[in-house]
Each structure stands twice: as C-alpha cells, then as structure tokens.
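Asks: build me a structure from this.
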Amino acid sequence: MRYFVGILILFGLLICFAPWFNYVLPTQYNPFTPLQVTDPPNFIAKYKLRRLDKNPQACFAALKNAREAGAISFIIAGNMGGNCPLSAPVRVQRFGAVTLSSSFLASCWLALSSAMFISQVAKPLAQAQFGSALTRIDHLGSYACRNVYNRKEGRLSEHATAEALDVASFHFANGTNVTVLKGWKAEGHEGEFIHAIFDGSCPYFGNSIGPDYNAVHANHFHFGMRWFGFCR
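Replies: Numbers count the residues shown, from 1 in each chain. All right, here's what the predicted structure looks like:
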C-alpha cells in the first residue's frame, strides 16, 4: 500500500513541477515536451511514442515536424473501411533523400518510429560501413488485411492495422545492394551492416523480427509496433 501511495505522490510532484522541467531538462529527457525525430530512443522517447498511439492529433503534429526537419515525406491517406479499417493512416513516400521501392501505408506512430530509425541508425551505418550514402530501401509491404502468417484463423497481423513494415534490402550510392536474405549469413561489411541494422532497430520498434526467429523471416526484417522491445 505504501508503494502505491509513493507512486501517486511522485506522479503528483511530476505534474506540479512540469513547467519547471520545460526550462531545465533537454527535450529528450523531458516527458512533457513533444517527441522530436532527433530524440534518442531512451525510455522517455518510448513513453512519448506510446502516448502518441492514442493521440492522433499530437502524433500528426510530431510527424509534420519530422517532415519539416527533412526526415520523412508523406501524405494523409484518409480513413479506410473494409474488414480491416484504418483510422487516419499516412502514405510514406520517402525518408529524406532515401527513396523506397514503393510508398507504403502506415499508422502515424509506425511512420514516426521508422523516420527516427532511418535518420538515427540506417543512414549513419551506411556511411560507417560503406563510406556511402543510403539511397533506397526495398520493402515487402506494410498494410495487409490478414491474420498472422496468413492463417485462416487466429489473431490479426500487425499488418492489418498498418503497424508493421517488412524490409528486404538496402541500396547505396556506390552501387552496393545488401539484402537481408544474403547479408544475414555473409561475412565482411555486408554481414556487419545487416546485423547492425537489425540490432539498431530494436530500440525504435515494439518488435523487430529477423531470420533467426523463423524461416518465414529469412528474407526480411519485420518492424512492428506491438509489444515492447521484443527483438529476435
């Protein structure tokens, strides 16, 4: 009982001193300031991101700020009906100078998490491993109205809510193309890059699933928003 009372008191103090935090704490450590695409994926950023899932207006505001920062290009796709309705999804067109094999539908928070991951992890890794800019990402899709593993029965996949993206390969300005299928078991820069990309994705998504999880993911990484920190 004393534990819960202590938690309530602490929460009350946080609310009372929230304005003071805005002057003292940097945004990446301040739970009361809007999420920025440059915020590192610490506990505070994850907390902010989770809140945005239930607050579309705040999520779109953060996503627009990311667009103004040059981290993402998107359009509002509008509500979608059918068996797997989507409420206010966006269509992601590119991540700054990084193009896509095709645009894809995404929930607001998947789009924002992806923009953070590309700008903070994928692009710097490309320069570090290959000395070349990341120019394009090939994916296998995001939105699909289906159950997990296309089973006739069972729970809906994250793809049915546009909360997951399957990434298959990466292209660089020097002409190099690294695929998940070949790169996962490769040695040298390609293998190092693919494994570093996967490891680096874990803090940005609720779940990151790759070739070590099962054979279904042998040729792609599944980046999804459900759960909290599952990475395998």
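
Asks: what sits against M225?
Replies: Going by Cβ atoms under 8 Å, 6 or more residues apart in numbering, M225 touches D53, S107, W109, L110, S113, E158, E163, A164, F205, G206, N207. No exception for glycine: its C-beta is placed from N, CA and C like everyone else's.

Asks: show me which residues of the helix or strand the third one falls within are buried.
Replies: Secondary structure assigned from DSSP states H and E places W109 in helix 108-117. Taking 16 or more other Cβ atoms under 10 Å as the neighbour-count basis, helix 108-117 is seen to contain the buried residues C108, W109, L110, A111, L112, S113, S114, A115, M116, F117.

Asks: now these as CSV including pLDDT and distance to G224?
Replies: Converted to CSV, those look like this (pLDDT from 0 to 100; distance: Cβ to Cβ, whole Å):
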residue, pLDDT, distance to G224
C108, 94, 15
W109, 91, 11
L110, 96, 8
A111, 97, 13
L112, 96, 14
S113, 96, 10
S114, 98, 11
A115, 98, 16
M116, 97, 15
F117, 98, 12
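
Asks: identify the farthest-apart pair in these.
Replies: C108 and F117 (15.0 Å; Cβ to Cβ).

Asks: just the buried residues of the contacts of M225.
Replies: Listed as buried from the contacts of M225 are S107, W109, L110, S113, E158, E163, A164, F205, G206, N207; burial here means 16+ other Cβ under 10 Å.

Asks: identify the farthest-apart pair in those residues.
Replies: Spatial extent of the buried ones among the contacts of M225 (Cβ to Cβ) is set by the pair S107 and N207 at 14.3 Å.

Asks: and this protein, what are its domains?
Replies: Per automatic domain parsing, the domain ranges recorded for the chain read 1-31, 34-231.

Asks: winner for burial among the ones you listed?
Replies: domain 34-231 (a mean of 18; mean count of other Cβ atoms under 10 Å).

Asks: could I get the full set of strands for the protein?
Replies: All strands of the chain, identified by DSSP state E, fall at 73-76, 90-94, 99-100, 104-106, 134-141, 164-172, 177-179, 207-209, 221-224, 230-231.

Asks: can you lay out those strands as TSV showing distance to A215 and mean pLDDT?
Replies: TSV is the format used below for the strands of the chain (distance: least, Cβ to Cβ, whole Å; pLDDT from 0 to 100):
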stretch	distance to A215	mean pLDDT
strand 73-76	33	95
strand 90-94	28	97
strand 99-100	26	98
strand 104-106	24	96
strand 134-141	15	97
strand 164-172	15	98
strand 177-179	16	97
strand 207-209	12	96
strand 221-224	13	97
strand 230-231	18	90
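
Asks: for this structure, give me the ranges with low pLDDT.
Replies: The model of the chain has pLDDT under 70 over residues 1-25, 81.

Asks: how about 50 then?
Replies: 3-7, 10 (pLDDT under 50).

Asks: turn the strands of the chain into a markdown table, including distance to A196.
Replies: Shown next, in a markdown table, are the strands of the chain (distance: least, Cβ to Cβ, whole Å):
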| stretch | distance to A196 |
| --- | --- |
| strand 73-76 | 25 |
| strand 90-94 | 22 |
| strand 99-100 | 21 |
| strand 104-106 | 23 |
| strand 134-141 | 13 |
| strand 164-172 | 11 |
| strand 177-179 | 11 |
| strand 207-209 | 13 |
| strand 221-224 | 12 |
| strand 230-231 | 13 |
